[in-house]
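[1] Any chance you could fold what I've pasted below:
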Amino acid sequence: MAQRTPLHAVHVRAAARMVEFAGWDMPVQYAGILAEHEAVRERAGIFDVSHMGEVIFRGPKALASLQRLFTNDLSRCQDGQAQYGALCRESGGIVDDVVVYRRSAEDLLVCVNAANRQKDFDWLHGHAFGAEVTNESDAWGQLAVQGPLAPEVVQKLTSVRLSSVGTYRFTEGEVAGVRCMVARTGYTGEDGFELFCPADAAPRLWAALMEAGQPEGLAPCGLGARDSLRLEMAYRLYGQDMDDGTTPLEAGLGWVVKLDKGDFVGREALVKQKEAGLSRKLVGFVLTEPGIPRHGYPVLQEGKPVGTVTSGTKSPSLGTAIGLAYVPPALAAEGSTFAVEIRGRPAAAKVVKTPFYAKKPRPQ
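    Numbers count the residues shown, from 1 in each chain. Sure thing, here's the model as predicted:
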């Protein structure tokens, strides 16, 4: 039986369309994916992301231990700052992509993907290097309020001065009387906050936000809009765009791999791969002929398969078909062309710079 978040009953009462995702019964849409996508791009939307996991590193060895498991450099991360990166195997394959919230050098929260809750905990606990590692996933609820008007909505319910919380920064405070970790992070490309709260308080927090956000047109949003929003930004989705068999260098995440920071699990393999050269790269592309690319569709060059689409959709914001695909390095440069096989028919495609979507400046 699929697991349920603390907000499951709220979604069912709101007549959300529920689907199983990563072992969880989750809302895929409320009013509709296009309407929810537009709400986040133009106003504000609220997502239940309580299916994500939280693994905590504590103790005198917490920072040093996590530093040895994480591709990014936590020594450059200050208390109250979040950092994106990957956990790798010795082979360089990606265990997961995660966000680390540094509460102190002896208290770090690792936010992991829903499908990887147990796998990541087992991996982290098994390579703890002396830190105390606990899985607190069931204790937390997580709500994401995203969009250009998201700060106004959340500010109504808290005395925390949100303007002082920078991007990828966080603080502690009450929101609607609920003690939260308030983080200026997200998965949509828009401004907004992810609110980590006690699991049993999540329904109360959701209700307060929905009421406070009525003047701004705050819309409840499902996984469908979350996926189209993240793809317009070319944000990777674990299990689809990358997995244990791909490295961060291949997945275009070299910017969060700090090979000069000292040793970490997977570093030796990544150094060798970088020196030898990549055999494939993840690129963004648009179709220049009709069609919609989907996960698993073949990439063709001169009629022969040379790669694979990992994500694809018709962009709601741009009206064009966009996607991510692994291709040989010779086809990875911006402007390169290939075809995507869609139901037995080749559709022309072109490599473009990502993100696909540029955030609109707010009127002053």
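[2] Settle this for me: Pro248 is touching Ile94, isn't it.
    Yes: counting by C-beta atoms under 8 Å, Pro248 does reach Ile94; the two are 6.1 Å apart. For every residue, glycine as well, the C-beta is placed using N, CA and C.
[3] what touches both of those two?
    By C-beta atoms under 8 Å, 6 or more residues apart in numbering, Pro248 and Ile94 have these common neighbours: Ala86, Cys88, Met242.
[4] Now the second one: closest residue in space that isn't a chain neighbour?
    It stands for Cys88. Using C-beta to C-beta, 6 or more residues apart in numbering and skipping residues adjacent in sequence, the residue nearest Cys88 is Gly266, 3.0 Å away.
[5] and what of Gly173?
    Excluding its sequence neighbours, the residue lying closest to Gly173 (C-beta to C-beta, 6+ apart) is Val160, at 3.8 Å.
[6] neighbours around the one you found, how many?
    18 (other C-beta atoms under 10 Å).
[7] Kindly report the same for the one 4 residues further on.
    Residue neighbour count, defined by other C-beta under 10 Å, stands at 8 for Ser164.
[8] Torsion angles phi and psi at it?
    Per-residue torsions, Ser164: phi -90, psi 0 (degrees, to the nearest 10).
[9] OK, contacts around Val182?
    With C-beta under 8 Å, 6+ apart, Val182 has these contacts: Val154, Thr158, Val160, Leu162, Val165, Phe170, Thr171, Glu172, Gly173, Val175, Phe193, Leu195.
[10] Out of these, which comes closest to Leu270?
    Phe170 (28.6 Å; C-beta to C-beta).
[11] Please identify the buried residues of stretch 117-127?
    Within stretch 117-127, the residues that count as buried by 16 or more other C-beta atoms under 10 Å are Arg117, Lys119, Asp120, Phe121, Trp123, Leu124, His127.
[12] Tell me the confidence at the fourth one?
    Put plainly, it is Phe121. According to the prediction, Phe121 has pLDDT 98.
[13] how about the nearest residue to it, chain neighbours excluded?
    The shortest distance from Phe121 to any non-neighbouring residue, by C-beta to C-beta, 6+ apart, is to Asn135 (4.3 Å).
[14] count of neighbours near the one you found?
    Other residues close to Asn135 by other C-beta under 10 Å number 18.
[15] can you tell me the average pLDDT over the helix or strand hosting Arg103?
    Element membership of Arg103, judged by DSSP states H and E, is strand 94-104. What strand 94-104 shows for mean pLDDT is 98.
[16] so what strands line up beside the helix or strand just after it?
    Per DSSP H and E, the first helix or strand lying C-terminal to strand 94-104 is strand 107-112. Take DSSP bridges as the rule and strand 107-112 pairs in its sheet with strand 53-58 (antiparallel), strand 94-104 (antiparallel).
[17] Output those as a markdown table; include the columns mean neighbour count.
    Below are those laid out as a markdown table (neighbours: other C-beta atoms under 10 Å):
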| stretch | mean neighbour count |
| --- | --- |
| strand 53-58 | 22 |
| strand 94-104 | 22 |
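[18] can you redo the ones you listed as JSON lines with distance to Gly277?
    Shown next, in JSON lines, are the strands paired with strand 107-112 (distance: least, C-beta to C-beta, whole Å):
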{"stretch": "strand 53-58", "distance to Gly277": "34"}
{"stretch": "strand 94-104", "distance to Gly277": "19"}
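[19] nearest to Val283, of the ones you listed?
    Ranking the strands paired with strand 107-112 by proximity to Val283 (C-beta to C-beta) places strand 94-104 first, at 17.5 Å.
[20] Alpha carbons of that closest one, as PDB, please.
    Provided in PDB are the C-alpha atoms of strand 94-104 (Å, rounded to 0.1, in the frame of the first residue of the first chain):
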ATOM      1  CA  ILE A  94      25.000   9.100  -8.100                       C
ATOM      2  CA  VAL A  95      23.300   7.700  -4.900                       C
ATOM      3  CA  ASP A  96      21.100  10.800  -4.900                       C
ATOM      4  CA  ASP A  97      21.100  14.500  -5.400                       C
ATOM      5  CA  VAL A  98      20.400  16.300  -2.100                       C
ATOM      6  CA  VAL A  99      20.200  19.700  -0.400                       C
ATOM      7  CA  VAL A 100      22.200  20.000   2.900                       C
ATOM      8  CA  TYR A 101      20.900  22.600   5.400                       C
ATOM      9  CA  ARG A 102      23.800  23.500   7.800                       C
ATOM     10  CA  ARG A 103      22.200  24.500  11.100                       C
ATOM     11  CA  SER A 104      25.700  24.300  12.700                       C
END
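[21] Sweet, I'm off.
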